[in-house]
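J.: Fold the following.
(one chain, ligands or ions: 1)
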Amino acid sequence: MEMLDEITDLMQEMIRNKCINPPGNEMKSIRTVERFLSSYGIESEIFVSAPERGNLLAVMEGSGNHPSLMLGPAHVDVVPVENEKDWAVPPFDGVIKDCCIWGRGSLDMLYIVASQTVVFAKLHQEGFNPKGDLKLCIVADEEASGNYGANWLVKNHPEKVKVDYLITEAGGDPIGPNRLTYVYGEKGTAWTRLRFQGEEQHGSAPYGSNNAVVKMAKAIQRVSEYQPPRHTSLLKPFINAMGIGTFTKALMGNTRTLGFMFAQLARRSKKDAAFLNTMTQMTISPNVCKGGAKVNTVPGQAYVDVDIRTLPGQDEEYVFAQLRIALGRMVDEVTIESLPVDLGGGFNPGNISDMESPLVKVIESVVKDLRGQKTTLVPMVSPGATDSRFFRRAFGTNAYGFSFHDESLAIGELMSMFHGTNERVPLGTLELTSKGYMEIVRKFLG
Ligand SMILES: [Zn+2]
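T.: Numbers count the residues shown, from 1 in each chain. Modelled structure (predicted):
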């Protein structure tokens, strides 16, 4: 069978498996992958982390002591669909239409699961003899905490999944003419709750009252207007690779002019400015607030939950110090605490891999072979998190988000489809991605 047909078959089955997280029930798709591999005579190991939840590992042992490479961790769980009626096709049917495969999870990230699985199988079939171990790792639970997926594997079976290099989701986006991104790092999360104490009294006589909601409103104003220090070390390689003019580059590369440049850019595209800004500073966004119980009572309690994203290297102390500066003279009226763990609290530091490792060089040469010599890889640190963080943290793995998007969908449309309506992947992307992964593995481990 042609590689492309095998990939679309696998994707269709996994889309129809509907591994919506929660609850996940990822064993359905794990078994799909297991069956496919065993049809090629490949044995895989399954690690069950909870009832109906599990992860799969297949290994081709290396013949030398070359660094190892993992395809994955590639997650089979998907997020729910809010309103099926908004979709042009049913989201769990795995429809192929207009040269795309449609469905929830198709882009995030079943096309990579399927491509990596098929590439692994084909390499096995042709008797590929890797210099270092080649591992295929398919996981559950990326869309929640990873506690039944990648995080669980790294904690419970470190000797099995330890790896020097890996390629997983994110990246490969056509960000400009002849420009494809790769993601070599992620920002951290420090989701924080700010608590305010007031004094309850009757709402009909508020003169001189101590109102927790009013305090909260003032604090929200302060933290949302505060600009944490900017840094250019992550932005510089990005704008260099984007090939923009020298003058703009100079202004963008200087922390004193950066704020001005973002303000200018925001007049043309708020989205672009917001995106570039993520690479330059810790961001603070107060997003959920609660306070007061009844309209005729001055509230005694209020809190606001703040989405804080840190740059690699910024620790929890830094976060608290910045918040104290932002709150200024209000600081004594606020209790700063981490969000409860079940709401995603607990400090998760930013993490980063070598931007110019041997694997990046291989990816670059394969990109040029497939997309033309003029194509440049653009190094990017993502504001969001993937399973890469567990591997970077546990083993110091050089982890990269990369695949090959064709240019049939504009970047804006592509980005809106993650967890969005009418999620789909062009067949051209499947072809490029599978060819690309195949060549990367051959060049890196062959
Ligand atoms: Zn994903």
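
J.: can you pull the buried residues of stretch 406-419?
T.: 406, 408-409, 414, 417, 419 (16 or more other CB atoms under 10 Å). In this view, the C-beta of every residue, glycine as well, is placed from N, C-alpha and C.

J.: now swap in stretch 279-299 and tell me
T.: Those would be 279-284, 286, 289, 291-292, 298-299, for stretch 279-299 by 16+ other CB under 10 Å.

J.: what do you get for stretch 189-204?
T.: Under 16+ other CB under 10 Å, the buried positions of stretch 189-204 are 189-196, 198, 200-201.

J.: Check stretch 90-99 too.
T.: So for stretch 90-99, counting by 16+ other CB under 10 Å, buried means 91-92, 94-96.

J.: Quick check: of those residues, which lies closest to the ion?
T.: Pro91 (16.0 Å; CB to the ion).

J.: ok, Met417 touching Met109?
T.: No: when contacts are counted by CB atoms under 8 Å, Met417 is not listed as touching Met109 (11.9 Å).

J.: Run the chain-centre distance for the lengthiest helix in the chain.
T.: Counting by DSSP state H, the longest helix found in the chain is helix 427-445. Taking CA atoms, centre = their mean, to the nearest Å, one finds helix 427-445 lying 21 Å from the centre of the chain it belongs to.

J.: is any part of stretch 113-127 close to the ion?
T.: No: using CB under 5 Å from the ion, stretch 113-127 stays clear of the ion, coming no nearer than 9.9 Å.

J.: so how far is that stretch from its chain's centroid?
T.: That offset, for stretch 113-127, works out to 24 Å (CA atoms, centre = their mean).

J.: how about Leu265, what does it touch?
T.: 272-273, 276 (CB atoms under 8 Å, 6 or more residues apart in numbering).

J.: Please list which of the residues you listed also come close to the ion.
T.: Okay, of the contacts of Leu265, nothing touches the ion (CB under 5 Å from the ion).

J.: between those residues, which is nearest Gly62?
T.: Leu276 (39.9 Å; CB to CB).

J.: just the strands in the stretch 201-350 of the chain please.
T.: 201-202, 283-291, 297-298, 301-310, 334-338 (DSSP state E, counting those that start in this stretch).

J.: which one of these lies closest to Asn351?
T.: Comparing the strands of the stretch 201-350 of the chain by CB to CB, strand 301-310 comes nearest, at 10.4 Å.

J.: what are the pairing partners of that closest one, and which direction each?
T.: Paired with strand 301-310 in the same sheet, following DSSP bridges, are strand 188-189 (antiparallel), strand 192-197 (antiparallel), strand 283-291 (antiparallel).

J.: Give me the angle between the second one and strand 334-338.
T.: If I follow you right, that is strand 192-197. Angle between the axes of strand 192-197 and strand 334-338 is 150 degrees (criterion: axes from the mean of the first three to the mean of the last three CA atoms, to 10 degrees).

J.: Report the rounded mean pLDDT for strand 192-197.
T.: Per-residue pLDDT over strand 192-197 has a mean of 98.

J.: Kindly reformat the buried residues of stretch 189-204 as a markdown table containing distance to Arg393.
T.: Shown next, in a markdown table, are the buried residues of stretch 189-204 (distance: CB to CB, whole Å):
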| residue | distance to Arg393 |
| --- | --- |
| Thr189 | 13 |
| Ala190 | 15 |
| Trp191 | 18 |
| Thr192 | 21 |
| Arg193 | 24 |
| Leu194 | 27 |
| Arg195 | 30 |
| Phe196 | 34 |
| Gly198 | 40 |
| Glu200 | 45 |
| Gln201 | 49 |
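
J.: ok so, going back, of the strands of the stretch 201-350 of the chain, which is nearest the ion?
T.: Of those, nearest to the ion by CB to the ion is strand 301-310, at 17.4 Å.

J.: in stretch 1-8, what's buried?
T.: 3-4, 6-8.

J.: Make sure Leu327 is actually in contact with Val334.
T.: Yes: using CB under 8 Å, Leu327 is in contact with Val334, at 5.7 Å.
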